[in-house]
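*Asks:* next input, structure requested:
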Amino acid sequence: MGGLNFQSPASLLWFLPVGGFILALYLLRMRRRDFVVPASFLWPERQDEVRANSLFQKLKFNWLWVLQLLALAFLVGGLARWQVRQENLKGQVTVLVVDASASMLASDVSPSRFAEAQKRAQAYAQSMQAGDQMAVIEAGSTPRVLTGLDNESAKVQNAISNLKSGEAPSDIGEALRLAMALVGQTEEARIILLSDGCFEPVNNIRQGKATLLYEAIGESDENLAVQALGTAQTPKGLEAYVGIKNFGSRPGNTAVSVYADDRLVFSEQLTIQPGQITGKTVQLPSDAQIVKASLSEGGFLKSDDVRYVPGNPSGAIRVLVITKGNIFLETGLSLDSRVVVDKALAVPASEVATASGQGTYDLVIFDSMPEVPVKAPVVCTFGEGGASSIVTIGGKSRSPNIVTTSSTGVLDGVSFQDVYLDDVYTAQVKSGTRALSKTRQGVLVAERTSPKRQIYFAFDLLNGDFPLSVSFPVLLGNLVDLAVGEEASGLSLISTGQMVGLAARSQTPLELVDPTGTKTSVPPLNGRYVLRNFDQTGLYQVGSGEETKRFLVNLISERESNIAPESEIALSGGKTAGTRVLERFSDLWKPLVALMLAVLAFEWFVFMRRS
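*Replies:* Have a look, this model is predicted:
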């Protein structure tokens, strides 16, 4: 709210003559008849009558004329159409998109940017009038619609109060696409984005008939972040490298501390220049499992003041997929937090078995590509095979009749029942290889465990509907488990907002415990547990007993750490979102007239009734 206006300011001039007339009534001579009385002492002295009988005497204070002038002021203000300017919707269909990303937790606007966005959203909702419709979308790592288009202000306000922020990057593009789907074809509809502009460029946005308006929130760019933390085995033993970056425009002072399993092993006061990174190498205990780096004074954003990594430097699983393109395989692997996926059309020369040096990858998958010998300890082949394959490839058969399937190892929880497979290769196992699944024509799945683990599938993934079955993600999880091996620490490193998929071998819900100790039950879906609740930094625990998995979650986003608010945002095609504020003037004549009547009623009650 802010700003006053008079639609008919000339009406204010009526206050002068009418107010003067009211005051003149208290100065005019009172004309009275003369009466003869026997004695004057019978009549007390009346000073007010003396004043009234003296024309143009000095005006004395009297509550009567004060109240009458006040009532006149209210009446004249009503006639002048006194208005207050409001941030409002102009009777339009509106979608509020509230940025719930990590940068919105910055406290340069008290108590936070996100709280300020909620406050502004509530102001819009409170100003709804007849004909207004509003929807609310929370733009987090996974955008969600809190309420569709609704004309009830109370319902919209309740939805806004249920907005939740997280320590993860937001998907503003998807949130805006949701908004466009709601009102993109509505004439004069408006989409209002409440954000600090600290997000990746927005592409593939079609505004349609809706107008996109952007309200910037935030004031400062002062922020320090733990930008890098990693461990490595060196000749000196286990060491950690920590890097701190100053994203602000002024030098930053902070103490950086490094902990090994909650034991302080390093602390030093640092001064970091704007835009610079300062790094330190720290000696760690050889048995360190979890390493944490934290800052004492990290600026206005606290989410990136801490970072965690496993003490074991070989935590991630590197997977190389040799393929011409398979969205099912690539997406399925990327959902596993333990996996770093690379894709290529051919095996790099450095990864061929005959090349010198150690291999980079833990698992190599040949997706309908010729198999060649590689250094990776685990190899999986779909379809064509090659000279190094563990089977002998014959011709092809259509719609094979599967007769046996093992339920252990890589096929644990995997079923080929009710799955359509086309053009299956006729394969026979070589020496040292065992069949895990057979058809009447030959082997469907085979495995060899020595000298390295090799798995062969006698079908192409894209020739059939197996990638659409519930068994496909389970199979990928089993392959990664084989690559992890038995000596894995059980710690996975992921970023906030990342989605994690785990194989579900039963219908029992999985328990997830966040860094605050809050427990969430996650039911299985199509043979997979899909975990989406990693919206805080810290240590998460999933499952129990021997099946327990732990996840170290960090805010890993330079764009979120760079909290300098943007005055405008660019959309795809070079378009810029509008930044003007929606306004309309609300008339105050009704409350002014009501106040006038209240003043006159009070005057009557106090003075007239008393007389």
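*Asks:* all strands of the stretch 351-500 of the chain, in order?
*Replies:* 363-367, 378-382, 391-397, 402-405, 424-429, 434-439, 443-448, 453-457, 491-495, 500-503 (DSSP state E, counting those that start in this stretch).
*Asks:* got those strands as JSON lines, with mean pLDDT, distance to Pro111 and mean neighbour count columns?
*Replies:* Placement of C-beta: from N, CA and C, glycine included. Listed next are those as JSON lines, based on pLDDT from 0 to 100; distance: least, CB to CB, whole Å; neighbours: other CB atoms under 10 Å:
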{"stretch": "strand 363-367", "mean pLDDT": "95", "distance to Pro111": "47", "mean neighbour count": "25"}
{"stretch": "strand 378-382", "mean pLDDT": "95", "distance to Pro111": "50", "mean neighbour count": "25"}
{"stretch": "strand 391-397", "mean pLDDT": "87", "distance to Pro111": "64", "mean neighbour count": "16"}
{"stretch": "strand 402-405", "mean pLDDT": "76", "distance to Pro111": "58", "mean neighbour count": "14"}
{"stretch": "strand 424-429", "mean pLDDT": "91", "distance to Pro111": "62", "mean neighbour count": "21"}
{"stretch": "strand 434-439", "mean pLDDT": "90", "distance to Pro111": "58", "mean neighbour count": "20"}
{"stretch": "strand 443-448", "mean pLDDT": "93", "distance to Pro111": "57", "mean neighbour count": "24"}
{"stretch": "strand 453-457", "mean pLDDT": "94", "distance to Pro111": "54", "mean neighbour count": "24"}
{"stretch": "strand 491-495", "mean pLDDT": "81", "distance to Pro111": "26", "mean neighbour count": "19"}
{"stretch": "strand 500-503", "mean pLDDT": "74", "distance to Pro111": "31", "mean neighbour count": "22"}
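*Asks:* using a markdown table, lay out those together with distance to Val156.
*Replies:* Listed next are the strands of the stretch 351-500 of the chain as a markdown table, based on distance: least, CB to CB, whole Å:
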| stretch | distance to Val156 |
| --- | --- |
| strand 363-367 | 49 |
| strand 378-382 | 51 |
| strand 391-397 | 60 |
| strand 402-405 | 54 |
| strand 424-429 | 56 |
| strand 434-439 | 56 |
| strand 443-448 | 55 |
| strand 453-457 | 53 |
| strand 491-495 | 33 |
| strand 500-503 | 33 |
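*Asks:* quick one: which of these is nearest Thr278?
*Replies:* With CB to CB, the closest approach to Thr278 among those belongs to strand 491-495: 22.6 Å.
*Asks:* quick one: strands adjacent to that closest one?
*Replies:* strand 549-554 (parallel) (DSSP bridges).
*Asks:* just the C-alphas of the strand it pairs with, formatted as CSV.
*Replies:* Output in CSV follows, covering the C-alpha atoms of strand 549-554 (Å, rounded to 0.1, in the frame of the first residue of the first chain):
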residue,chain,number,x,y,z
LYS,A,549,21.7,-46.0,3.1
ARG,A,550,23.0,-42.6,4.1
PHE,A,551,23.0,-39.5,2.0
LEU,A,552,25.2,-36.4,2.4
VAL,A,553,23.2,-33.5,1.0
ASN,A,554,24.8,-30.2,0.0
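*Asks:* buried residues in the helix or strand just after that strand?
*Replies:* Later in the chain than strand 549-554, the nearest helix or strand by DSSP states H and E is helix 558-561. Using 16 or more other CB atoms under 10 Å as the test for burial, helix 558-561 gives 560-561.
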